[in-house]
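**Student:** Next comes the sequence, and after it the predicted model I'd like to discuss.
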Amino acid sequence: MKKIFAIIALSLITITAVQAQQAKGQSGEKERIVEISTSYGKMKIKLYNQTPKHRDNFIKLASEGFYNDLLFHRVINGFMIQGGDPNSKTAGADVQLGAGDVGYKVPGEFDKSLIHKKGTLCAARDGNPEKASSGCQFYIVQGKTHTDAELDQMEQRMGSKYTPEQRNIYKTIGGTPFLDQNYTVYGEVIEGMDVIDKIAAVKTKPGDRPVENVKMQVKVIK
């Protein structure tokens, strides 16, 4: 009987281990989800495990409440919505934003499977040759749909090919393929895609700052 109980116990342990592994996903890492709340609605964003430095940095800042009450300070309809400048929390209405940071950069993490499709969370950066990312500023892609001819041109510029699935995404869902392999893509909106379009459509001033502030609240939900 003792041997039978031992076998049952071992089986239960094995099943539990398998379930835990499945919960973490194929990469073996736990799936992390954050939520960005705005007056235009909420977006749930899955952070990619293929970009662990960016994932962990975003989780750290969000957990500390860093992003709460910051603005989407740069909005370009048909392109993207950008936020995360710490100076935006207390900036006056006529202040030009976009230069604020946290004093460090995150090394670029580039994966050809991660493209700038609509809804992706990506790291902003300056013109540094290493393509290292801002420690806090990010943008969410809106973009537009593209033709095969346009995607052919992108491939020539990058020196690599899109998969048939990636081509179909850019032709049907849209995005900003000209940014691929130049800015780190580290997450994607899984709920609230319409919020991107609502924010992108707001009236803006010269410099692309919304006339009416668009504040965010960011929290880790998983």
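**Tutor:** Perfect, I can see it now. Just so it is clear, the model here is predicted, and its values are computed rather than measured.
**Student:** helix/strand/coil for I45?
**Tutor:** With DSSP: H, G, I helix; E, B strand; the rest coil as the basis, the three-state label of I45 is strand.
**Student:** ok, now how distant is it from A149?
**Tutor:** 32 Å (Cβ to Cβ, to the nearest Å). The C-beta positions use only the backbone N, C-alpha and C, and glycine is treated the same way.
**Student:** now swap in M158 and tell me
**Tutor:** Counting by Cβ to Cβ, the gap from M158 to A149 is 15 Å.
**Student:** between the two, which one's more packed in?
**Tutor:** M158 (15 against 7; other Cβ atoms under 10 Å).
**Student:** was I right about the more buried one contacting F178?
**Tutor:** No: using Cβ atoms under 8 Å, M158 is not in contact with F178; the gap is 9.2 Å.
**Student:** can you give me the offset of stretch 142-160 from its chain's centre?
**Tutor:** 21 Å (Cα atoms, centre = their mean, to the nearest Å).
**Student:** hmm, who's touching that stretch?
**Tutor:** By Cβ atoms under 8 Å, 6 or more residues apart in numbering, the list of residues contacting stretch 142-160 from outside reads 77-81, 112, 116-118, 161-162, 167, 170-178, 180-181, 196-197, 200.
**Student:** Buried residues, it. List them.
**Tutor:** Q142, G143, H146, L151, M154 (16 or more other Cβ atoms under 10 Å).
**Student:** what ranges do the strands span in this protein?
**Tutor:** Counting by DSSP state E, the chain has strands at residues 32-38, 41-47, 72-76, 80-83, 105-106, 120-123, 133-134, 138-141, 185-191, 217-220.
**Student:** residues near E31, how many?
**Tutor:** E31: 13 neighbours (other Cβ under 10 Å).
**Student:** so where's this protein shaky on pLDDT?
**Tutor:** For the chain, the stretches with pLDDT under 70 are 1-27.
**Student:** Try it again at 80.
**Tutor:** Low-confidence segments of the chain, defined by pLDDT under 80: 1-28.
**Student:** Kindly report the domain assignment for it.
**Tutor:** Here the domain assignment for the chain is 1-26, 31-220, based on automatic domain parsing.
**Student:** so which of those domains is the most packed in?
**Tutor:** Among the domains of the chain, the stretch with the highest mean neighbour count (mean count of other Cβ atoms under 10 Å) is domain 31-220, at a mean of 17.
**Student:** Ends of that domain, what's the gap?
**Tutor:** Domain 31-220 has an end-to-end distance of 11 Å (criterion: Cα to Cα, to the nearest Å).
**Student:** repeat for stretch 113-129
**Tutor:** 22 Å.
**Student:** likewise stretch 40-57?
**Tutor:** 26 Å.
**Student:** Please apply the same query to stretch 153-173.
**Tutor:** Counting by Cα to Cα: the opening and closing residues of stretch 153-173 are 19 Å apart.
**Student:** again with stretch 198-215
**Tutor:** Start-to-end, stretch 198-215 (Cα to Cα) is 13 Å.
**Student:** Same question for stretch 83-100.
**Tutor:** Note: stretch 83-100 ends 10 Å apart using Cα to Cα.
**Student:** so the most centrally placed residue in the chain bridges to which residues?
**Tutor:** Against the mean C-alpha coordinate of the chain, by Cα atoms, centre = their mean, the closest residue is L121 at 1.6 Å. Taking DSSP bridges, one obtains I140, G187 as the residues bridged to L121.
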